[in-house]
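Novice: Sequence below, structure please.
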Amino acid sequence: MTTDILKDWLRDMPMQFLGKRNIEVLIKAFARQMQELDTVFEELNTKTDLDTAMGQNLDYVGTIIPLSRKEAGELVNKRFHEPVISDYRYRQYLKYRLLRNTCDCTYYNIMKAIEILWDVNKVYYYEREDRPATIFIGLPTVSVDDDDQAKGKPSIMKPAGVGFFYTGQYSMIVDQSALETIRLMCLD
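Specialist: As a prediction, this is how the structure comes out:
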């Protein structure tokens with residue numbers, strides 16, 4: 001959001017300089033140039049912002065985090081030497097790497113990482129008495145015919161010294177109507 005620098009400068013100018021033609025001409029000249037710089041900086045911020053950058057600009061953001069597009073693609077699929085991933089997916093991996101580089105691996109950080117990378121909702125955390133110092137993350141129930149939710153997904157960060165398991169539940173509808181028979185008898 002650019003501001004009108006000329007109006008701001010004229011409004012803030014001391015009273016003794018108001019109405020002085022030469023001073024106002026100088027302020028207008030500087031204000032025009034500052035307005036152009038402000039517009040360029042705003043455009044630069046938009047094009048290099050993690051949430052709005054696209055293409056090569058997003059790759060530049062990746063050099064800061066640091067995670068190249070190729071490295072992000074290898075997180076998904078290690079079989080290809082030069083995987084190419086979309087800006088949307090690359091942005092997700094950059095957000096994950098940024099979170100990973102700046103977090104202290106709390107419950108909230110782990111859940112945020114799963115939300116960013118795995119595109120699953122209704123993930124739940126639980127503990128078991130027979131497995132102390134272990135984090136269990138339960139994934140939503142899916143059909144047996146669906147793909148495994150954890151397959152092909154990069155592993156999420158885990159706190160040091162703590163076990164970490166993902167659990168998934170699968171459901172299947174079984175049609176048992178063929179096993180049932182109905183016998184009707186008519187009594188005369």
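
Novice: Of all the residues in stretch 61-71, which ones are buried?
Specialist: Going by neighbour count (16 or more other Cβ atoms under 10 Å), the buried part of stretch 61-71 is V61, G62, I65, L67, R69. The C-beta positions use only the backbone N, C-alpha and C, and glycine is treated the same way.

Novice: Which ones among the residues you listed lie within helices?
Specialist: Judged by DSSP state H, helices contain the following of the buried residues of stretch 61-71: V61, G62, R69.

Novice: just the buried residues of stretch 61-71 now: which is nearest E129?
Specialist: Distance to E129, by Cβ to Cβ, is smallest for L67 among the buried residues of stretch 61-71, at 38.5 Å.

Novice: The lengthiest strand in the chain - contacts with which helices or strands?
Specialist: In the chain, taking DSSP state E as the definition, the longest strand is strand 131-138. Applying 3 or more Cβ pairs under 8 Å, 6 or more residues apart in numbering; DSSP states H and E, we find strand 131-138 packed against helix 107-118, strand 124-128, strand 163-167.

Novice: now the longest one, how far from the chain's geometric center?
Specialist: Right, the one you point to is helix 107-118. 9 Å (Cα atoms, centre = their mean, to the nearest Å).

Novice: now it: mean pLDDT?
Specialist: On average, the pLDDT along helix 107-118 is 82.

Novice: Next, the angle from it to strand 131-138.
Specialist: 40 degrees (axes from the mean of the first three to the mean of the last three Cα atoms, to 10 degrees).

Novice: pull the CA atoms of helix 107-118 into CSV?
Specialist: The C-alpha trace of helix 107-118 is given here as CSV (Å, rounded to 0.1, in the frame of the first residue of the first chain):
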residue,chain,number,x,y,z
TYR,A,107,3.3,-30.1,20.2
TYR,A,108,2.0,-27.0,18.4
ASN,A,109,5.0,-26.9,16.1
ILE,A,110,4.6,-30.6,15.2
MET,A,111,0.9,-30.2,14.5
LYS,A,112,1.6,-27.0,12.4
ALA,A,113,4.2,-29.0,10.4
ILE,A,114,1.7,-31.8,9.7
GLU,A,115,-0.9,-29.2,8.6
ILE,A,116,1.6,-27.5,6.3
LEU,A,117,3.1,-30.6,4.6
TRP,A,118,0.5,-33.4,4.7
